[in-house]
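Undergrad: when you get a sec, could you give me coordinates for this:
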Amino acid sequence: MNHYIPKNKSNPLISILVNCFNGEKFLDQALNSITRQTYENLEVIFWDNQSSDNSAKIFSKYLKDKRFKYYLSSRHTTQYAARSEAMGKASGELVAFLDVDDYWDSDKLSKQVQLFNDKKVGLVYSNFYWKDELNGKDYTAYKGDLPSGYIVKNLLLKYRVGLLTIMIRRSAYNSLSKGFDSKYNVIGDFDLIMRMSLDYKFSYVGEPLAFCRWHGGNMQITHKNEYFSELKNWILTMSNDINFKTLNEFDVFIDNIKTSEAIFRVDNKEYIKSFKKIREIHSWYNKLKLFLVIALPNKILNTIRRIQ
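TA: Just a heads-up that it's a prediction; the model follows:
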């Protein structure tokens, strides 16, 4: 692990990691949202994962601001290997993450940084907006308040942390046995956040502070297959971790993931795979949910999903 250099304790340096692979379309808006931050003691670590478009040219316009730093990866890697390498270039006591098709509210950093006055807090997060690219509307991602404190059990029952919203304490990241796990291409942030939640308090800012673009189904079928495959591997790994396997909520999490995959298989008309999953599901509530997905017309199901 690389070591951060603490700055003024009342005004800590925040490293913003921007990972990019062919992100020219929305890159300007993402970077502009950084320049508009009311909190100014920051650095931008721009990690170019071997882009072949105009991303580097677009970023070069920002290099006149000495806080912006450009790094070109020597090879194309998984996104979490890239995040890990970018982390090695960061000098901040605190670290935030912004992908190239997302952007922030101008007060995001200033509203989050003050919550780190509690030295037990390792991560601060917030709600965010889904920005629908098809109709131009913004939708709040999560309804109601989200949990604060030691929330590993809450996260196992209902995971609602967006990477674009989080800020982490660098010393908390360094204390983990490993940072971002490069073997993951989809769930690397989930893995990191879950492991952090075992040892550190999380704080929540009760308003949306970021915008995530919704491109009419961000997770394509191939990506979703990879998502479930990685989650299965994560569950196998954590089943040997006493910190997770002894939690009742871990069993609920496993059942919920099996149900989500079964519903995905139904939506994708993979009925045989879905029926095999039914036998693995223990919760009668989850079995009923799956039965409704199979039995009800799509129009009714989509209405139910929208109001949940």
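Undergrad: and the lengthiest strand in the chain, average pLDDT?
TA: Ranked by residue count and defined by DSSP state E, the top strand of the chain is strand 201-214. Averaged across strand 201-214, the pLDDT comes to 95.
Undergrad: buried stuff in that strand?
TA: Neighbour counts over strand 201-214 (16 or more other Cβ atoms under 10 Å) mark Lys201, Phe202, Ser203, Tyr204, Val205, Pro208, Leu209, Ala210, Phe211, Cys212, Arg213, Trp214 as buried. In this view, the C-beta of every residue, glycine as well, is placed from N, C-alpha and C.
Undergrad: and the fifth one, how close does it get to Val44?
TA: Here Val205 is placed at a distance of 21 Å from Val44 (Cβ to Cβ, to the nearest Å).
Undergrad: just the CA atoms of the longest strand of the chain, as CSV, please.
TA: Taking Å, rounded to 0.1, in the frame of the first residue of the first chain, the C-alpha atoms of strand 201-214 are listed here in CSV:
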residue,chain,number,x,y,z
LYS,A,201,-18.4,3.4,11.0
PHE,A,202,-20.2,4.8,7.9
SER,A,203,-21.8,8.2,7.8
TYR,A,204,-24.6,9.3,5.5
VAL,A,205,-25.4,12.7,4.0
GLY,A,206,-29.1,12.8,3.7
GLU,A,207,-29.4,14.2,0.2
PRO,A,208,-28.4,13.3,-3.3
LEU,A,209,-24.9,14.7,-4.1
ALA,A,210,-24.2,12.9,-7.4
PHE,A,211,-25.7,12.1,-10.8
CYS,A,212,-25.4,8.7,-12.4
ARG,A,213,-26.4,8.3,-16.1
TRP,A,214,-29.0,5.7,-16.9
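Undergrad: who are the packing partners of it?
TA: Counting contacts by 3 or more Cβ pairs under 8 Å, 6 or more residues apart in numbering; DSSP states H and E, strand 201-214 is packed against strand 102-104, helix 108-113, strand 121-132, strand 138-140.
Undergrad: can I get the ones you listed in CSV with mean neighbour count?
TA: Below are the helices and strands packed on strand 201-214 laid out as CSV (neighbours: other Cβ atoms under 10 Å):
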stretch, mean neighbour count
strand 102-104, 23
helix 108-113, 21
strand 121-132, 21
strand 138-140, 13
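Undergrad: off-centre distance for the longest strand of the chain?
TA: 11 Å (Cα atoms, centre = their mean, to the nearest Å).
Undergrad: one step back: can I get the helices and strands packed on strand 201-214 in JSON lines with distance to Asn286 and mean pLDDT?
TA: Converted to JSON lines, these look like this (distance: least, Cβ to Cβ, whole Å; pLDDT from 0 to 100):
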{"stretch": "strand 102-104", "distance to Asn286": "32", "mean pLDDT": "98"}
{"stretch": "helix 108-113", "distance to Asn286": "35", "mean pLDDT": "98"}
{"stretch": "strand 121-132", "distance to Asn286": "25", "mean pLDDT": "96"}
{"stretch": "strand 138-140", "distance to Asn286": "26", "mean pLDDT": "93"}
